[in-house]
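> pasting the sequence and the predicted coordinates here, then a few questions.
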Amino acid sequence: MKDYKKIAVVLVGIVILLFMNVPVYAFNETKNFDKISTSDQNETPRYGWVLSNGTWYFYTKRGKYTGWLYDHGRWYYLDSTGAMQTGWVKDGNTWYYLNSNGSMRTGWLYDRGAWYYLNGNGSMQTGWLYTGGKWYYLTSNGSMKTGWLNAGGKWYYLTSDGSMKTGWLYTGGKWYYLTSDGSMKTGWVYLNRWYYLDRNGVWIPNTIADQFTTISKNNQLILVTTTGYNTNKAEIRTFEKVDNKWYQKLDVSGYIGKYGFAKVMSEDAEMSPRGKYTIGTAFGRYQNPGTKLPYRQITSDDVWVDDPKSALYNTWQKASENHGRWSSAEKMDIPAYNYGFVINYNTERIPGAGSAIFFHVSNSYTLGCTGTAESNVLSILRWLDPDKNPVIIQTPESELSNY
């Protein structure tokens with residue numbers, strides 16, 4: 001009978017406690033409290049997690065816990081008020097990310113349109129990162145970089161997934177080459193054959209001038225070619241060397257001697273000489289059009305001596321000063337010589353080997369000179385620079401390997 005009375009007293013006590021809304025706490029195996037909700041902050045458990053007014057706290061014997069907390073294999077961070085944090089948290093000089101359940105994040109994180117990487121200790125990574133067999137770069141704010149990156153004075157390229165690119169890269173309509181360490185290559189590189197990448201890393205396809213071995217000391221080249229010996233129609237191209245690489249500047253049509261290139265030149269052959277020649281004086285019937293070459297304005301008294309028997313053979317003279325010193329000379333004051341320059345052919349003035357070889361204005365074959373439209377002549381004259389040691393090569397295409 002006494003036992004029944006005891007049981008009745010206990011049951012009445014429990015009913016009273018429930019009526020008074022006094023919380024009942026459950027302990028886990030580690031003696032920490034399981035997370036229990038309470039709306040009365042004056043009544044807190046001694047240990048463990050407590051949800052109060054929508055915020056989680058962790059209590060120890062000394063009260064609310066603050067700072068980093070390791071619980072059940074996970075790290076949490078509780079601020080100075082003891083509130084559990086979520087999202088980005090800065091502790092000292094280091095950023096961390098806490099998931100929505102408060103646990104510390106590690107590995108890749110996608111947040112507000114950007115990727116971040118949290119190391120094994122939860123710290124946000126910046127700078128270079130090697131993971132999963134690939135290199136990535138995280139900016140100073142931790143976001144993953146894509147596209148071009150300048151780091152340590154070198155350029156790198158990060159693909160759309162953030163991984164560092166190596167090898168050939170095609171972007172923006174241009175080719176680049178990234179070495180095995182990811183850095184952008186400039187200058188010459190040998191990859192089964194030679195390639196040239198300019199100072200911006202852009203691959204510049206080799207020009208025909210790059211194959212020549214006789215122009216290493218020249219930085220400007222005029223190349224006049226024909227498809228063979230029996231044609232007077234020519235292709236005229238100009239090239240300029242920058243950082244030991246030839247760049248093509250101009251590609252126009254033109255003409256040479258009436259009967260094409262000569263295998264052996266002579267005075268009356270009406271053919272053009274083959275070979276590599278330096279460039280002499282620029283000339284024209286009008287004022288200097290803007291060339292850096294020495295320029296001589298033609299007058300009605302100017303002639304070029306083409307008499308092989310004359311001591312003045314293959315020179316520019318004044319007709320009024322002949323006095324029987326030559327029997328024939330070419331007048332200079334003609335439309336073909338509106339503008340042009342001397343090709344330094346037969347500078348030894350070997351009698352009968354050919355004279356008056358110029359680059360000038362022409363819309364048809366010549367008697368041995370090289371010609372093209374006046375606009376092309378002017379463009380070339382303004383481009384030529386004696387400080388760049390310009391030369392002209394004239395040859396059938398079949399003999400390009402000679403140069």
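In hand now; what should we look at?

> pLDDT value on R193, please?
At R193, the model reports a pLDDT of 89.

> likewise for the one 5 residues further on?
The predicted local confidence for D198 comes out at a pLDDT of 91.

> distance check, it against I343.
31 Å (CB to CB, to the nearest Å). All C-beta atoms are positioned from the backbone trio N, CA, C, and that covers glycine.

> and the gap between K241 and S123?
Taking CB to CB, one finds K241 at 52 Å from S123.

> ok so, going back, which one's more surrounded, D198 and I343?
With neighbours defined as other CB atoms under 10 Å, D198 and I343 compare such that I343 has more, 26 against 15.

> wait, that one sits on Y277?
Yes - counting by CB atoms under 8 Å, Y277 is a contact partner of I343 at 5.1 Å.

> overlap of the contact sets of those two?
I392 (CB atoms under 8 Å, 6 or more residues apart in numbering).

> would you agree Y76 falls within a strand?
Yes - counting by DSSP: H, G, I helix; E, B strand; the rest coil, Y76 is found in a strand.

> what ranges do the helices span in this structure?
2-19, 374-383 (DSSP state H).

> now the chain, which segments are flagged as low pLDDT?
1-46 (pLDDT under 70).

> if you set the cut-off to 90 instead, what comes out?
Residues of the chain meeting the criterion pLDDT under 90: 1-47, 192-194, 243-244.

> correct me if wrong: A319 contacts D301.
Yes - proximity of A319 to D301 meets the contact threshold set by CB under 8 Å, at 5.3 Å.

> could you check which of those two is surrounded by more residues?
Neighbours were counted for A319 and for D301 using other CB under 10 Å; A319 has more, 16 against 13.

> how many residues are close by G54?
7.

> how near is it to M84?
Distance from G54 to M84, by CB to CB: 11 Å.

> same check on Q248?
68 Å.

> and what of L381?
Distance, L381 to M84, by CB to CB: 80 Å.

> follow-up on the earlier one: okay, Q248 and M84: which has more neighbours?
M84 (20 against 16).

> can you tell me who the more buried one pairs with across the strands?
Taking DSSP bridges as the rule, M84 bridges to L78.

> pretty sure it sits against R74.
No - using CB under 8 Å, M84 is not in contact with R74, being 11.5 Å away.

> what's opposite Y195 in the beta bridge?
Under the criterion used (DSSP bridges), Y195 bridges to V189.

> I meant W155, not that one.
N150.

> wait, what's in contact with it?
148-149, 183-184, 201.

> restricted to buried residues, select these in PyMOL.
In PyMOL, this line selects whichever of the contacts of W155 come out buried by 16 or more other CB atoms under 10 Å:
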select buried, resi 149+183+184+201
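
> which one of the contacts of W155 sits closest to Y170?
G201 (12.3 Å; CB to CB).

> hey, where'd the strands end up in the stretch 301-403 of the chain?
For the stretch 301-403 of the chain, the strands defined by DSSP state E, counting those that start in this stretch occupy 302-305, 316-318, 329-331, 339-343, 358-361, 370-372, 391-396.

> same question for the stretch 101-250 of the chain.
107-111, 114-118, 127-131, 134-138, 147-151, 154-158, 167-171, 174-178, 187-190, 194-197, 220-226, 233-242, 245-255.

> check which helices and strands the fifth one is in contact with.
Using 3 or more CB pairs under 8 Å, 6 or more residues apart in numbering; DSSP states H and E as the contact criterion, the secondary-structure elements in contact with strand 147-151 are strand 154-158.

> please apply the same query to the first one.
Counting contacts by 3+ CB pairs under 8 Å, 6+ apart, strand 107-111 is packed against strand 114-118.
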